[in-house]
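>>> quick check, what structure comes out for this input:
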Amino acid sequence: MSIENTKFISAASVADYNQSHYWEFPEFQQGIQDFINRKVTILPRIKTVPATGYPSRYKEQTKLPHNTAFANVRTGVENGSYGLTSVDDDYGRVEKVVFLKCMVNRIKYSLFDKEVVQQQGLETERLQKDFTDMLNDFYMTQNDKIWNGAATGPDDSTSLEYSGILTQVKTKVSIANPYDFTTKQGDMITDQIRAQIAKQLADAKWNVYPTAVYADPVLVDRIINEERSREGVRQVIPDGVTLANGWKVPAINTAIGNLPLISDAAIKATSADTKTKHTIAVINEDLIERHYLTSPTPRIFKMSLNDSLIDDYIAVLFDGLVVKGADCAHFLMDVSI
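Numbering: from 1, shown residues only. Below you'll find the model as predicted:
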């Protein structure tokens, strides 16, 4: 180990330019060039509701009693009575639960560092940037786990993470013969999405319908290129919908109307043999809920100073995610290309 004595160095050693009669010292452009992607997509589009407790409880109705019948206009159902002889009173109302999860983040400043930026006149700008970065990291992580959370279901009390949409949605289909740009043969993705939506709507048992189509950006680009190869009426409308974050996204023409086709990098493609498997999520966002405790957004607490004089802030959020109608109102579609 080597030890150097404390010493002074000349100003010329730290100057950018030394020309005897003047020195140029380093000076930085105001602000920090930032290329980090902070846009989230699904988070602001799903519902937030107060939790009923821990766990948060809700009910779903899985069937409708079928008691309606035709009867004789004069004699009724039987022996002059118009009352049914037997009644189905099973409404299939099932109690379900969602366990709340805890998300945290933290930011700390030493006394020295804080006072340096204060003296430079940069405290407000730098602190605001750091707080914004902390919250954006919070929201980006949350958006990712809304799709990919590790819990096995909303009633999983052991996992620290959400149960992601890709886990909770039960209806899963695949495109067996994807479109080939060379031979111009095979099934176009939009045709398969539209057919599955029509099948979903044709099931008179459920009053459900999708509100959006999500996929990773590479697959969204492929969908658009497939439509450019289509002979006849294209089924994707460019810039069909404007999202809350300002993005203008295409829309797919379906039996339920034009649905936004939204790119979300949190829906990750995976390698499958020599191909890449992509997942499309066709969902009803109104049936996806975050059950929160106290606040639907992170709360920031300033900790008291200790003997280390650290300026300490902690962000906390308690909430849970549930996909209602997981077996009938949504579907996932895989395509390997």
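>>> CA atoms for contacts and neighbours, from now on please.
Noted.
>>> rounded mean pLDDT for stretch 278-286, please.
Throughout stretch 278-286, pLDDT has a mean value of 96.
>>> next, the buried residues of it.
Neighbour-count burial for stretch 278-286 flags 278-285 (criterion: 16 or more other Cα atoms under 10 Å).
>>> one more: stretch 159-172?
For stretch 159-172, by 16+ other Cα under 10 Å, it's 159, 161-170.
>>> what do you get for stretch 146-162?
Buried, per 16+ other Cα under 10 Å, within stretch 146-162: 146-157, 159, 161-162.
>>> quick check: end-to-end length of it?
One end of stretch 146-162 to the other measures 7 Å (Cα to Cα, to the nearest Å).
>>> just how off-centre is it within its chain?
Put simply, stretch 146-162 sits 14 Å off its chain's centre (Cα atoms, centre = their mean, to the nearest Å).
>>> same question for stretch 193-200.
That offset, for stretch 193-200, works out to 23 Å (Cα atoms, centre = their mean).
>>> what's the answer for stretch 110-124, then?
The answer for stretch 110-124 is 36 Å, by Cα atoms, centre = their mean.
>>> stretch 86-99: end-to-end distance?
Stretch 86-99: ends 40 Å apart by Cα to Cα.
>>> what's the answer for stretch 280-292, then?
Note: stretch 280-292 ends 27 Å apart using Cα to Cα.
>>> biggest helix in the protein by residues?
As assigned by DSSP state H, the longest helix anywhere in the chain is helix 123-148.
>>> next, the buried residues of that helix.
123, 126, 131, 134-140, 142-148.
>>> swap in stretch 186-204?
So for stretch 186-204, counting by 16+ other Cα under 10 Å, buried means 188-190, 192-194, 196-197, 200-201.
>>> confidence score at residue 322?
So, for residue 322, pLDDT stands at 97.
>>> quick check: phi and psi at residue 83.
In terms of degrees, to the nearest 10, the main-chain angles of residue 83 are phi -80, psi 140.
>>> nearest spatial neighbour of it, skipping sequence neighbours?
residue 77 (6.5 Å; Cα to Cα, 6 or more residues apart in numbering).
>>> what about the one you found, how many neighbours?
Residues contacting residue 77 under the criterion other Cα atoms under 10 Å number 16.
>>> mark which of the buried residues of stretch 278-286 are part of strands, please.
Of these, the ones assigned to strands by DSSP state E are 278-283.
>>> could you pull out the helices in this structure for me?
Counting by DSSP H, the helices of the chain are 111-119, 123-148, 165-168, 189-202, 217-229.
>>> mind checking which of those is nearest residue 324?
helix 165-168 (9.0 Å; Cα to Cα).
>>> quick one: that closest one to chain centroid distance?
11 Å.
>>> average pLDDT across that helix?
The pLDDT scores in helix 165-168 average 97.
>>> so which elements touch that helix?
If you count contacts as 3 or more Cα pairs under 8 Å, 6 or more residues apart in numbering; DSSP states H and E, helix 165-168 packs onto helix 123-148, strand 311-323.
>>> of those, which shows the lowest average pLDDT?
helix 123-148 (a mean of 85).
>>> could you say what helices and strands it packs with?
When contacts are defined as 3+ Cα pairs under 8 Å, 6+ apart, helix 123-148 sits against strand 101-109, helix 111-119, helix 165-168.
>>> mean pLDDT lowest where, among these?
Looking at these, the weakest mean confidence is helix 111-119, a mean of 81.
>>> ok and that one relative to strand 101-109, angle-wise?
Helix 111-119 runs at 70 degrees relative to strand 101-109, counting by axes from the mean of the first three to the mean of the last three Cα atoms, to 10 degrees.
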